[in-house]
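Asker: Give me the fold of what follows.
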Amino acid sequence: MKRTYSLLSLAALLILAGCKSGTAGKTVSVSVTPTGVNIVVSTTQQMTATVLDTFNTSVTWSVVGGAANGTISSTGLYTAPTTVPAPAQVSVTATSHEDPTKSGSAILTITTTAGPSNITVLVSPGAASVANYGTQQFTATVSGGPNTGVTWQVNGTTGGSRTVGFISTAGLYVAPGNVPTTSAGGSSVATTLTVTAVSQADLTASGSSTVSILPGNQNQQIGAIQLGTSGGNGNDTVSNATNHTITCCGGTLGALVTRGGLQYILGNNHVLARRDTAAVGDPIVQPGLIDAGLTPQSKCDATQATTVATLTQFVNLEAEDQNASSNNIDAAIAQVVPGLVDPTGNILYLGATADSNGVPVPGAPNAGSGVTGSVNMAVAKSGRSTGLTCSNVLAVNTNTSVEYVKSCDGTGPTFTVLYDNQVDVAGGGFGAEGDSGSLIVTQNTADPVALLYAGSDTDTVGNPVAPVLNFFASGGNPVTFVGGTAHSVVGCTLPTAPQSAPKTVQPASLAAETLQKALTARDAQAPALLAHPEVQAVGVGASFDNPAEPAIVFFVTKGQSRSNLPVQVDGLRTRIVEGDLFARHGAISAAETATNERAVAPRQMAYSLIPEELQRANVVHAAHAKSLMQQPGVQGVGITSSIDSPGEAALMIFLIRGVTHVPIPPLIDGLRTRVRESSRFRAGFRGLEPQRACTVPRKRTVR
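Answerer: The predicted structure follows:
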């Protein structure tokens, strides 16, 4: 620290030493005024954002729902739309520049006449922090009329939802099991929620409260710690002499492993080994520096955390720069300090039972070497930032290109590591900044599957556990997971179960001219297509495997044997829908296609594959994955299931959103392809969570 500040004056040093760290991300708060007011169409209203606990009070303004709900300038001047939107209530949000994970919102009601309402609604408390699975009682005070009834909403949904939590008619809020996330800067970050009380006497009158969900994973533990908790390298800080800040980082202490009779904490290199810059013997602390201390002045201070292990071994990441990693992992182990880590390997929220408050108890994974991930496998993880999350494996045998940043503060040089045979889990919200290092397990048996280390705003990526354990084996001593017997992860079955990705998908809307291409191709071959005995109708619609493209849609009789239906028609994708008796028959229009589809269940995000299909896909993947990864815009190639034809395997092509790429053919060597666009796969940006330290104003610096 003295070397870092050698150019500063003694006075500045004293100021910095007094604050240790400044505005940690979770202490920044944003509020927006006015809220719950009526705005006449086509008029303006100046909005004001108040940012606390940071010197940087700049915000970015936005209107939820886009231009149809009005616009807002960079200075907070809101302009109402020309007509009343449906619903009439709109949300204006201010997001902190200092910490983009923190924002505040105001609810405005668009009206056609100016008459101010006599009804006012005040929600108490105005802001609240609630533990995941926890409860919070809200009250609404209604003035200006005899009817004091209100309708409670969470993020605009009456009664709430499984994703954001539920609220009763009496205002009792039950938080979800995980921390909700949103896309920010190309990754998924924890976000806040809005609880609103709407007057039943005047629907234009409302009050609101901002709710932050805080998982118990971030708390400092006393005694022998349980895993799935906040942690990291005790030296993982960066000091910036230019703007006088200290930034500290952290992630998740994932699981407990054993080798040669000794126990070690398993995590990522970029969490425990500071992205190759750490030294063996470095202290591994709980909580991570980003969560250490109870006040802004104590953040980033290693003395506020407990050293629970010492760094023992890690794979070198940057040595594999631009090459398929022979080690194929982002992992590190740290030998535990006796008595400071639960020797049974318990992980927060991973138990088979819940306590009297409905909160899942800690539980150890199934001991041993783990299992191999498979498409559609139900999985769970418990991590520092989002707590317990549940989803399904979307792709296996996945080649990925993952970008890292060298410095803890997210600035400076980056490097890229190519991995192969990775596990991709559906949902960017399955993990967010700070969840790196979490152990991904099966929901039904708690068997280890993968070590979470990277992701995008739609996907989360993990190293399969087999190569992780193999890398750390030494001297004939294998490495295995410390744990118990097989058990279900009960948190994934509770009413507030934290599903991080939709389980079903809906067809996309395509332009009329795009659908016309499919109609022309269908009409040219309609007699031959309808000649297949199992086909009741042939329509057109969007492909599920590539939502930007049209598809020829076959409606076939459920259970009837297939007669070699074509997988493409004149270069267009085909889609198969099974049912008993469809309402429309023959060659049907796009509208009639939609009518037929309403009679069947929605498509799943992924389907399980039989071994023969997996092997067929493996052959195609081995032949083409490397060349596809060299194409611009491609950041991953894996094996998944087709949604256009459930039961068939598909080659999943992960594309970087907004980057030009070559056309993806419907078929490669007879195997269907599936396209998934997202932000860049990253670790380090999203796996570590920078926290800005206290800023010393330049005017106070003595030169």
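Asker: Run through the helices of this structure in chain order.
Answerer: Here the chain has its helices, by DSSP state H, at 10-19, 269-272, 465-472, 512-530, 590-597, 611-629.
Asker: Okay, now the unreliable bits of the stretch 1-150 of the chain?
Answerer: For the stretch 1-150 of the chain, applying pLDDT under 70 flags the ranges 1-27, 113-117.
Asker: list the contacts for V341?
Answerer: 224-225, 227, 256, 263, 265, 308-309 (CB atoms under 8 Å, 6 or more residues apart in numbering). No exception for glycine: its C-beta is placed from N, CA and C like everyone else's.
Asker: 6 Å instead?
Answerer: 224-225, 308 (CB atoms under 6 Å, 6 or more residues apart in numbering).
Asker: now K503
Answerer: Here K503 is in contact with M605 (CB under 6 Å, 6+ apart).
Asker: please redo it, this time with the cut-off set to 10 Å
Answerer: 378, 391-392, 426, 602-606 (CB atoms under 10 Å, 6 or more residues apart in numbering).
Asker: For it, grab phi and psi.
Answerer: K503 adopts backbone torsions of phi -90, psi -20, taken as degrees, to the nearest 10.
Asker: Roughly how far does it sit from Y349?
Answerer: For K503, the distance to Y349 equals 21 Å [CB to CB, to the nearest Å].
Asker: do the same with G484
Answerer: G484 is 15 Å from Y349, by CB to CB.
Asker: circling back: deepest of the helices of the chain, which one?
Answerer: helix 269-272 (a mean of 30; mean count of other CB atoms under 10 Å).
Asker: And the strands in the stretch 401-550 of the chain?
Answerer: 414-426, 439-442, 448-455, 459-464, 479-481, 504-505, 535-542, 550-557 (DSSP state E, counting those that start in this stretch).
Asker: Between the two ends of stretch 423-441, how far is it?
Answerer: Stretch 423-441 has an end-to-end distance of 12 Å (criterion: CA to CA, to the nearest Å).
Asker: How far off centre is stretch 388-400?
Answerer: 12 Å (CA atoms, centre = their mean, to the nearest Å).
Asker: no, scratch that, I was asking about stretch 340-351
Answerer: That offset, for stretch 340-351, works out to 24 Å (CA atoms, centre = their mean).
Asker: Tell me the buried residues in that stretch?
Answerer: 341-342, 345-351 (16 or more other CB atoms under 10 Å).
Asker: okay if I get those residues as a markdown table plus pLDDT and distance to A205?
Answerer: As requested, these are exported to a markdown table (pLDDT from 0 to 100; distance: CB to CB, whole Å):
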| residue | pLDDT | distance to A205 |
| --- | --- | --- |
| V341 | 98 | 53 |
| D342 | 98 | 51 |
| G345 | 98 | 53 |
| N346 | 98 | 49 |
| I347 | 98 | 46 |
| L348 | 97 | 41 |
| Y349 | 95 | 39 |
| L350 | 97 | 44 |
| G351 | 97 | 44 |
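Asker: Among those, which one sits closest to A446?
Answerer: L350 (6.3 Å; CB to CB).
Asker: OK, contacts around that closest one?
Answerer: L350 neighbours (CB under 10 Å, 6+ apart): 226-228, 255, 360-365, 380-382, 388, 439, 441, 446, 483, 487, 489-492.
Asker: quick one: which of the strands of the stretch 401-550 of the chain is nearest Q631?
Answerer: strand 414-426 (13.6 Å).
Asker: now the angle from the closest one to strand 459-464?
Answerer: Interaxial angle, strand 414-426 versus strand 459-464 (axes from the mean of the first three to the mean of the last three CA atoms, to 10 degrees): 100 degrees.
Asker: elements contacting strand 414-426?
Answerer: With contacts taken as 3 or more CB pairs under 10 Å, 6 or more residues apart in numbering; DSSP states H and E, strand 414-426 sits against strand 378-383, strand 387-405, strand 448-455, strand 459-464, helix 465-472, helix 611-629, strand 634-641.
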